[in-house]
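# coords please:
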Amino acid sequence: MCPSRTGMLAWLRTAGAIVVIIGLYFVAPMPWARSEADQPGLRAAVCLAGLVVLTWLLTRQVRRALQPERLFAERLEVLLIIVSLVVVFFAATYFLIADQFAGLRTRLDALYFSVTTLGTLGYGDIVPIGQGARVAVMVQVVFDLIIVTSALTIVVGGMRRPGKS
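Residues are numbered from 1 along each chain as shown. Just a heads-up that it's a prediction; the model follows:
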C-alpha cells in the first residue's frame, strides 16, 4: 500500500476511533451514577481497575507507535487516541461522582471538565467540592503529568528518529 493511502487510512481510523470513543461515552449505561446507595468503595475499585486498563492500553499504543515502519499519520493517530481515551475515562469518573461537584450535571459537563483539567485551564465554573471529587481530579492531574506526558514524549521522540514520514 502506498504511503499516502496508508496515511489517509490512519486519519480515517483516528477520526472513527475518536467518534466511537466519545459516542460510547454518551450512550454507555453508567449504573453507579446518581445511585441512591452511596458506594464509594465500589466506585473507587471501578476507577482503579479503569486506571490499570487505561495504563495498559496506553503502553500498548505507545509500543505500536514506536514501530519503525509507522508513518507520521499513524503515530499521530496514537497520540490522539491516547488523549481521547484519557479524557473520556476521567469524564466518566467525574460523571459517576457528579454529586461531589458544583456545576457538573450532565455528561457534557463532565467531558468539558475533563478537557479543561487536562489542559490545566480551570475556569472555575465546575468545582470539586467533595473529597472523592478532589481525589479524582488530583489523580487525573498526576496521571496526565506522568503517564500521558511520558507516552506523548516517547511517541514524539519516536517521530524525530529517521524513518518514514
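# the helix or strand hosting Glu74 packs against which elements?
Using DSSP states H and E, Glu74 sits within helix 72-96. Identification of packing neighbours for helix 72-96 by 3 or more CB pairs under 8 Å, 6 or more residues apart in numbering; DSSP states H and E yields helix 3-27, helix 40-65, helix 107-118, helix 131-143, helix 149-160. In this view, the C-beta of every residue, glycine as well, is placed from N, C-alpha and C.
# packing partners for the helix or strand just after that helix?
Remark: after helix 72-96, the chain's next helix or strand is strand 101-102, criterion DSSP H and E. With contacts taken as 3+ CB pairs under 8 Å, 6+ apart, strand 101-102 sits against strand 127-128.
# check which helices and strands the strand it packs on sits against.
On a contact count with 3+ CB pairs under 8 Å, 6+ apart, strand 127-128 meets strand 101-102, helix 131-143.
# quickly run through the sheet partners of the shortest one, with directions.
Based on DSSP bridges, the pairing partners of strand 101-102 within the sheet are strand 127-128 (antiparallel).
# ok now the partner strand, how far from the chain's centre?
19 Å (CA atoms, centre = their mean, to the nearest Å).
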